[in-house]
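Visitor: With the input below, show me the fold.
(2 chains)
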There are 2 protein chains.
Amino acid sequence: MLTVMKFGGSSLSTVERVANVASIIASGVNDDDRVVAVVSARGKTTDELTKVRDSITAVSVPRESDVLLSTGEQVSMSLLAMKLNEMGHDAVSLCGWQAGIRTNDRYGSASITEIDTSRVLRELEAGRIVIVAGFQGVSPNQDITTLGRGGSDTTAIALAAALHADSCHIYTDVSGVFSANPNVAIDAIKHREISYDEMIEMSTLGAKVLHNRSVIMAKNADVSFEVRSSLTNDEGTKVHRLAPEKTVSGVVCDDHISMVTVSGIDSGASTCRLFELLADNGIPVDVIIRSQQMYNGKGMVSFSVSDTVCIRVVDMLNEMKDELEHDMLMVESGLAKLSAVGSGLADSCTVASIMLSELNKIDIHPRYITTGEIRISVIIPSSKADMAQIILNKRFFGEE
Amino acid sequence: MLTVMKFGGSSLSTVERVANVASIIASGVNDDDRVVAVVSARGKTTDELTKVRDSITAVSVPRESDVLLSTGEQVSMSLLAMKLNEMGHDAVSLCGWQAGIRTNDRYGSASITEIDTSRVLRELEAGRIVIVAGFQGVSPNQDITTLGRGGSDTTAIALAAALHADSCHIYTDVSGVFSANPNVAIDAIKHREISYDEMIEMSTLGAKVLHNRSVIMAKNADVSFEVRSSLTNDEGTKVHRLAPEKTVSGVVCDDHISMVTVSGIDSGASTCRLFELLADNGIPVDVIIRSQQMYNGKGMVSFSVSDTVCIRVVDMLNEMKDELEHDMLMVESGLAKLSAVGSGLADSCTVASIMLSELNKIDIHPRYITTGEIRISVIIPSSKADMAQIILNKRFFGEE
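Guide: Reported below is the predicted structural model:
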């Protein structure tokens, strides 16, 4: 039995937590049971390194930034290996380049292209516990790269696939995947299992468990994994292909949303150009509403963006006024995107109506609604987001 | 022209100092002039990493300790490369394993076995400034190693040899090699040049400029180098083979010395066994005085050790009492070893007498005196060490 375990930065932030993680790993090791553990940088290390970097220069030098940031995992992996050695286990830590994590050379958001497992396998055969630095790899030119957001989860899932691991445990600070944010809806239920697609939608729509990029990789490689808490080590949520279909598997909320409305814009070329621009600038747009009733073939288009990029979008659109020839820009902030996700949604006509009637009861009348294969999202005032989550969680999961 | 420059941790400890080092490097780069810079960990980084390590475990795991400590140089090299890029220079940082610094696998005090310069040469040919992490390398098994004390100087000198560099500048926080400690003897003179052997003796005997290990390497590879201050970048002291012979080149003082006296010990086998034991435990012994006048062929032996290992030596001798069969142990602490070093000393009979008569003037009557090829050392109370340095510096260098 080979288990790949992944531990996030908060699981390693103190001396006690490093010892706790070492115990979890040790409990997974037996005569025939081997563990490969993937670790992130401890606590706030990455933020601190970023701060030091920014004190030196405001110029971005992506190659060197990756050299700097990759030290964070190197520190945590060596400390964890020391702790395991102290406990009498033979443990060895490996950087991305040592563990054969090969990537392209897109510094700061590199993708894994291949894993050369020879060193890891050699260490496992020698009976050692292998600790691998997450979030980092090595380019064809032997340069250090980092994988960008969600990087350590991606490392764990790619390693589990390459090593044909029997199981993969992603340890986080939550104990699994819930029907709603358990900090908001205290009666949210923990799923025992969930499908890749549901997990991808929930990650994309705001659930903070893992990054959707790593779940997409798990789906593509068909690597089932379990989300657990490193603090309790209780059974968590298994994410896999064969999870039973659920009409609704979760209510997810992203409460940092703005709607941008561009009016008096040509519904043809200019609107296309607008979304081209957003895509070129790497700005993800979700809910899009068009209305075309105006004169001269001109109309109105509204779209939702995350608060963090909103100012950039407005600046960009103002700069492009000559090209897009729009009349007016309008921004609504303080909004939340509330979504219901479920693999059975495609076959159910009732979820949208239930959702709207429940929201109506608490006096929420969403103006923007959008649907996908397995989700329905509404834009509501973020001041009412918590209450909406509680009431929808109760309606969909309260009977169980 | 290729120059290898080495910058110590204090030269990189603040944002301003990183910028200053970047300027020194930049000033060495021109159409045909290239620079390879070797850097240490910033300021107190290594101490901080050691503290984190010790908070996790008291057990020594040398392989993992090297993984941890090597992050210190990785941080400084990436920051320096960023700064140079900001200034418009194409700079690239390389870890030990990337720069081809191959070592044996003696973790914590590895020796460089070979340097594969291909990557560094490729970067230089592409017109880049190359920043190399000092103090670290890679073992035959592709594991990270550190070189131990004086490691970054050793990296710089080994690189200068392997690259056939035209010059090698070791930047420290002193501006060169002085005839005495300039903090104590304010009229100490700075040498413009000095021989390897004199530099080795002075480093061994307590001058804090560089570690003797790196000077020995420079001598063996015949790599001449210059010691400079990164704060002034004035001309420093050139250390090379052909430096003109000087009767006395410096007065050096190590003021953390203890004398251990073992009395009633067999002058034959037991005394041999005693020094064997000290050697096996890696304890360097310097001044040794024997007297043999006692009964039964038993005698007395005194030797000087550094204060830091004194307690270990006493414990060791007490444990070995049954084997060594000595009567008594005596320790004198609070001593200093004052040495005069000079390549011309071998041919001069006067230095010892001048030294003793000068010390006599200030009422110092050393009981222990030892001489080497190019040095004379006396053991004196450390309370009088400063005054002795001042008076000897004045006597030997005051006329110049």
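
Visitor: use CA for all of it now, contacts and neighbours both
Guide: Noted.

Visitor: quick one, what contacts A:Ile283?
Guide: A:Ile283 makes contact with A:Val305, A:Val309, according to C-alpha atoms under 8 Å, 6 or more residues apart in numbering or on different chains.

Visitor: which SS class is it?
Guide: Following DSSP: H, G, I helix; E, B strand; the rest coil, the label given to A:Ile283 is coil.

Visitor: Quick check: the gap between it and chain B.
Guide: Computed with C-alpha to the nearest C-alpha, to the nearest Å, the distance linking A:Ile283 and chain B is 27 Å.

Visitor: per-residue confidence at that residue?
Guide: Turning to A:Ile283, the model gives it a pLDDT of 83.

Visitor: and it, how far is that from A:Val314?
Guide: 12 Å (C-alpha to C-alpha, to the nearest Å).

Visitor: Also A:Lys384?
Guide: 26 Å.

Visitor: What backbone torsions are found at A:Phe225?
Guide: Per-residue torsions, A:Phe225: phi -140, psi 170 (degrees, to the nearest 10).

Visitor: and the closest residue to it other than its chain neighbours, what does it touch?
Guide: In this structure, A:Phe225 finds its nearest non-sequential neighbour in A:Cys168, 4.7 Å apart by C-alpha to C-alpha, 6 or more residues apart in numbering or on different chains. A:Cys168 makes contacts with A:Thr3, A:Val4, A:Met5, A:Lys6, A:Ala156, A:Ile157, A:Ala160, A:Val223, A:Ser224, A:Phe225, A:Glu226, as judged by C-alpha under 8 Å, 6+ apart.

Visitor: can you tell me which helix or strand A:Cys168 belongs to?
Guide: strand A:167-172 (DSSP states H and E).

Visitor: and what of A:Arg290?
Guide: Going by DSSP H and E, A:Arg290 is in strand A:288-291.

Visitor: OK, contacts around the closest residue to chain B within the stretch 101-250 of chain A?
Guide: Closest residue of the stretch 101-250 of chain A to chain B, C-alpha to the nearest C-alpha: A:Gln142 (7.1 Å). Each residue near A:Gln142 by C-alpha under 8 Å, 6+ apart is listed here: A:Trp97, B:Gln98.

Visitor: Just the pLDDT for it.
Guide: 97.

Visitor: same check, this time on the one 5 residues further on
Guide: Per-residue confidence at A:Leu147 stands at 92 (pLDDT).

Visitor: Just give the number of residues close to it.
Guide: Counted with other C-alpha atoms under 10 Å in any protein chain shown, residues neighbouring A:Leu147 total 24.

Visitor: hang on, it packs against A:Val138?
Guide: No. Using C-alpha atoms under 8 Å as the test, A:Leu147 is too far from A:Val138 to be in contact (10.1 Å).

Visitor: Just the element for the residue of the stretch 101-250 of chain A closest to chain B, please.
Guide: Going by DSSP H and E, A:Gln142 is not part of any helix or strand.

Visitor: Mind listing residues that contact the helix or strand containing A:Val227?
Guide: Per DSSP H and E: A:Val227 is located in strand A:225-229. The contact list for strand A:225-229 (C-alpha under 8 Å, 6+ apart) reads A:157, A:167-177, A:234-240.

Visitor: Please state the offset of it from the chain centre?
Guide: 14 Å (C-alpha atoms, centre = their mean, to the nearest Å).

Visitor: burial count for the residue of the stretch 301-400 of chain A found nearest chain B?
Guide: The nearest approach of the stretch 301-400 of chain A to chain B comes at A:Arg312, 24.2 Å away (C-alpha to the nearest C-alpha). Residues contacting A:Arg312 under the criterion other C-alpha under 10 Å number 13.

Visitor: And the helix or strand hosting it, how far out from the chain middle?
Guide: Element membership for A:Arg312, per DSSP H and E: helix A:307-319. Put simply, helix A:307-319 sits 24 Å off its chain's centre (C-alpha atoms, centre = their mean).

Visitor: And for the helix or strand following it, what's in contact with it?
Guide: Next helix or strand after helix A:307-319 toward the C-terminus (DSSP H and E): helix A:321-324. Contact with helix A:321-324 is made by A:Ile265, A:Asp266, A:Ser270, A:Thr271, A:Arg273, A:Leu274, as judged by C-alpha under 8 Å, 6+ apart.

Visitor: who in chain A is up against chain B?
Guide: Contacts of chain A with chain B, taken as C-alpha under 8 Å from any C-alpha of the partner chain, map to A:15, A:18, A:53, A:55-57, A:59-61, A:64-65, A:67-68, A:71, A:74-75, A:78-79, A:81-83, A:85-86, A:92-93, A:98, A:142-143.

Visitor: re the thing from before, now, which of the contacts of helix A:321-324 sits nearest B:Arg290?
Guide: A:Leu274 (91.8 Å; C-alpha to C-alpha).

Visitor: B:Gly236 versus A:Ala161, what's the distance?
Guide: Using C-alpha to C-alpha, we find A:Ala161 at a distance of 58 Å from B:Gly236.

Visitor: Show me which of these two is the more surrounded one.
Guide: Remark: of A:Ala161 and B:Gly236, B:Gly236 carries more neighbours, 24 against 21, as counted by other C-alpha under 10 Å.

Visitor: on that earlier part again, selection in PyMOL covering whichever of the contacts of strand A:225-229 are buried, please.
Guide: Here is the PyMOL command that picks out the buried ones among the contacts of strand A:225-229, judged by 16 or more other C-alpha atoms under 10 Å in any protein chain shown:
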select buried, chain A and resi 157+167+168+169+170+171+172+173+174+175+176+177+236+237+238+239+240
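
Visitor: What residues does A:Ser195 make contact with?
Guide: A:Val239, A:His240, A:Arg241, A:Leu242, A:Ala243, A:Pro244, A:Glu245, A:Ser343.

Visitor: Select from the contacts of helix A:321-324 the one having the most neighbours.
Guide: A:Ile265 (23 neighbours).

Visitor: Assumed that residue was part of a strand.
Guide: Yes. Counting by three-state DSSP, A:Ile265 falls inside a strand.

Visitor: max-length helix in chain A?
Guide: Secondary structure of chain A per DSSP state H: the longest helix is helix A:71-86.

Visitor: what's the angle from it to helix B:71-86?
Guide: Interaxial angle of helix A:71-86 relative to helix B:71-86 (axes from the mean of the first three to the mean of the last three C-alpha atoms, to 10 degrees): 170 degrees.

Visitor: quick one: contacts of helix A:71-86?
Guide: With C-alpha under 8 Å, 6+ apart, helix A:71-86 has contacts from A:12, A:18-19, A:21-22, A:26, A:39-42, A:45-46, A:90-95, A:131-135, B:53, B:56-57, B:59-61, B:64-65, B:67-68, B:71, B:74-75.

Visitor: can you tell me which of these are in helices?
Guide: Using DSSP H, the contacts of helix A:71-86 in helices are A:18-19, A:21-22, A:26, A:45-46, B:53, B:56, B:64-65, B:67-68, B:71, B:74-75.

Visitor: so which pair among those residues is furthest apart in space?
Guide: Longest span within these, C-alpha to C-alpha: A:Ala26 and B:Val75, 31.4 Å.

Visitor: and these two? which has more neighbours close in?
Guide: Between A:Ala26 and B:Val75, counted using other C-alpha under 10 Å, B:Val75 has the larger neighbour count: 28 against 17.

Visitor: quick one: the helix or strand hosting A:Ala388 to chain centroid distance?
Guide: Using DSSP H and E, the element containing A:Ala388 is helix A:385-397. Mean-position distance between helix A:385-397 and its chain equals 22 Å (C-alpha atoms, centre = their mean).

Visitor: Then stretch A:242-255?
Guide: 15 Å.

Visitor: List the buried residues for that stretch?
Guide: Under 16+ other C-alpha under 10 Å, the buried positions of stretch A:242-255 are A:Thr247, A:Val248, A:Ser249, A:Gly250, A:Val251, A:Val252, A:Cys253, A:Asp254, A:Asp255.
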